[in-house]
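Novice: Sequence and predicted structure below; questions after.
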Amino acid sequence: MTTSQAVKLAVVGGHRGDAFKGALSAFGERVQLTAVCDLSEEVRATWKDAYPWIQTFASYSDMLERADCTAVFIATPMLLHARQAIRALLAGKHVVSEVIAATTLDECWQLVETVQKTGRVYMLAENYCYMRPNMMVLNMAQRGVFGDITYAEGAYIHDCRYLIFDAKGETTWRTQLRRQFDGNTYPTHSLGPVAHWLGVNREGGDRLVSTSTWTSTGRAAQRYVAETVGPDHPAAQDAFWKLGDSATTVIRTARNAVIVLRVDWASARPHNMTHYVLQGDRAAYLSARHEREDPLVWIDGRSPGKSPGDAAWESLWEYSADYEHPRWRQWRAQAEKAGHGGGDFFVLEDFIDAIQNGTRPAIDVYDAVTWSSIMPLSMESVAQGNAPMAIPDFAHQRV
């Protein structure tokens with residue numbers, strides 16, 4: 001069903017949601033910000049100053065009951081995402097959720113069943129799928145440039161130790177995460193773009209079948225606390241942390257492609273939050289390691305040299321005239337004003353389109369739980385000595 005009515009949006013988690021203000025301003029009358037929910041009075045006041053007409057709430061229950069909204073944007077700590085999304089869907093709201101969608105398999109299944117039951121739009125706000133190079137590689141993959149895809153990598157390497165404590169010196173939800181879990185705790189930034197390149201969960205595309213995970217020893221968080229707070233702090237002790245510094249996940253697909261994911265948000269090093277590799281039998285792709293590099297591509301028959309032999313990489317941008325994604329051609333000026341490499345703009349555009357046009361969300365609940373399930377499956381794999389775990393087919397089969 002198509003509707004021209006504006007999407008009335010409530011933001012839950014005003015601190016993190018602040019990053020989407022730039023994107024919200026790009027849609028004019030198609031979306032109206034009507035409410036913000038946050039535990040912090042200071043955060044609520046900041047939003048009220050910027051948008052005097054909105055309702056503000058400290059209680060999520062009160063917001064769902066009283067806010068004038070048709071949709072909810074969940075930008076709270078990730079351990080809350082699934083439960084809050086389910087409550088919003090059951091209250092008749094459409095939902096766009098920050099990553100990851102769920103942290104247990106049971107939450108994954110509950111989320112799928114709630115979307116099916118309510119018929120509301122659910123979309124995962126995986127903005128890394130929409131970054132300019134990732135969408136250009138998607139266009140190339142869909143047009144057959146890479147041929148048969150055999151291998152891919154994705155990595156999120158970002159020293160987040162400064163977020164262990166809040167401004168008052170109290171431990172945060174990230175501390176809770178590192179204390180309770182050992183596995184790949186943040187897979188979707190790495191997996192989302194790769195899954196799109198392989199056509200996972202799409203007609204004629206691939207499917208994720210099994211996964212195993214290995215984690216390293218954990219030293220970085222402990223060292224950081226010892227050096228910044230003091231060696232006597234509980235978080236500076238050996239027994240405090242459970243999560244290793246680096247987790248490596250290997251995934252096999254139904255077509256026998258191999259995907260390698262890495263997450264490391266503790267080790268001391270420069271950021272590399274957008275590392276990707278794609279290998280097909282006709283072309284290869286390497287993402288840039290930092291802002292002073294271009295992403296690289298080699299296309300058999302078009303790039304310099306032969307393989308084996310004198311094959312040479314080229315800048316991905318050398319092929320933008322041929323393969324720039326059509327949406328980036330159309331919306332680049334608007335997207336570049338939004339956060340996360342333009343991804344925030346496209347997330348909201350696709351969410352609004354799905355509501356107003358009655359179309360499938362670009363990253364729907366089946367994508368969301370398939371990608372997010374890597375977290376609980378990785379923990380079970382580590383606990384069982386890196387054993388392979390079957391990845392559920394959430395669209396077709398309840399286990």
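Specialist: Everything's here; your move.
Novice: okay, CA-based contacts and neighbour counts for the rest of this
Specialist: Fine.
Novice: Not counting its neighbours along the chain, what's nearest residue 199?
Specialist: residue 205 (4.3 Å; Cα to Cα, 6 or more residues apart in numbering).
Novice: Look up how far residue 261 lies from the one you found.
Specialist: Residue 205 is 20 Å from residue 261, where distance means Cα to Cα, to the nearest Å.
Novice: Between these two, which is the more surrounded one?
Specialist: residue 261 (25 against 14; other Cα atoms under 10 Å).
Novice: give me every residue that touches the more buried one.
Specialist: For residue 261, the contacting residues are 153, 154, 155, 187, 190, 191, 248, 249, 250, by Cα atoms under 8 Å, 6 or more residues apart in numbering.
Novice: Go again with 7 Å.
Specialist: Going by Cα atoms under 7 Å, 6 or more residues apart in numbering, residue 261 touches 153, 154, 155, 190, 248, 249, 250.
Novice: Assign residue 86 to helix, strand or coil.
Specialist: Following DSSP: H, G, I helix; E, B strand; the rest coil, residue 86 is assigned to helix.
Novice: That one touches residue 115, doesn't it?
Specialist: No: the pair residue 86 / residue 115 is not scored as a contact, 8.1 Å apart, by Cα atoms under 7 Å.
Novice: Centroid-wise, who is the farthest residue in this structure?
Specialist: Relative to the centre of the chain, the most outlying C-alpha is that of residue 309, 38.1 Å out, by Cα atoms, centre = their mean.
Novice: Next, find the distance separating it from residue 300.
Specialist: Per Cα to Cα, residue 309 is found 12 Å from residue 300.
Novice: so how far is residue 371 from the nearest residue to residue 173 once chain neighbours are set aside?
Specialist: Excluding its sequence neighbours, the residue lying closest to residue 173 (Cα to Cα, 6+ apart) is residue 77, at 6.7 Å. For residue 77, the distance to residue 371 (Cα to Cα) stands at 18 Å.
Novice: between these two, who's got more neighbours?
Specialist: Just comparing residue 77 and residue 371: by other Cα under 10 Å the higher neighbour count belongs to residue 371, 25 against 15.
Novice: Shouldn't that one be within a helix?
Specialist: Yes: according to three-state DSSP, residue 371 belongs to a helix.
Novice: dump the residue contacts of it.
Specialist: 187, 188, 191, 192.
Novice: Okay, and which of those map to strands?
Specialist: Among the contacts of residue 371, no residue falls in strands (DSSP state E).
Novice: most neighbours, which of these?
Specialist: With neighbours defined as other Cα under 10 Å, the most crowded of the contacts of residue 371 is residue 188; it has 32 neighbours.
Novice: which stretches of the stretch 201-350 of the chain have low pLDDT?
Specialist: The model of the stretch 201-350 of the chain has no residue with pLDDT under 70.
Novice: give me that answer again for 90
Specialist: Within the stretch 201-350 of the chain, the ranges that satisfy pLDDT under 90 run 238-239, 336-342.
Novice: Please enumerate the strands of it.
Specialist: Taking DSSP state E, counting those that start in this stretch as the test, the strands found in the stretch 201-350 of the chain are 208-215, 247-253, 258-264, 272-280, 283-286, 296-299, 314-315.
Novice: what helices or strands is the longest one leaning on?
Specialist: Which is strand 272-280. strand 149-157, strand 283-286 (3 or more Cα pairs under 7 Å, 6 or more residues apart in numbering; DSSP states H and E).
Novice: how about a markdown table for those, with distance to residue 101 and mean neighbour count added?
Specialist: What follows is the helices and strands packed on strand 272-280, written out as a markdown table (distance: least, Cα to Cα, whole Å; neighbours: other Cα atoms under 10 Å):
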| stretch | distance to residue 101 | mean neighbour count |
| --- | --- | --- |
| strand 149-157 | 17 | 22 |
| strand 283-286 | 28 | 21 |
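Novice: So for residue 340, which of those sits nearest?
Specialist: Among the helices and strands packed on strand 272-280, strand 149-157 comes nearest to residue 340, with 13.5 Å by Cα to Cα.
Novice: Direction included, what does the closest one pair up with?
Specialist: For strand 149-157, the paired strands and their directions (DSSP bridges) are strand 258-264 (parallel), strand 272-280 (antiparallel).
Novice: Pull the residues that contact the last one.
Specialist: Residues lying outside strand 272-280 but in contact with it, judged by Cα under 7 Å, 6+ apart, are 146-158, 284-287, 289-290.
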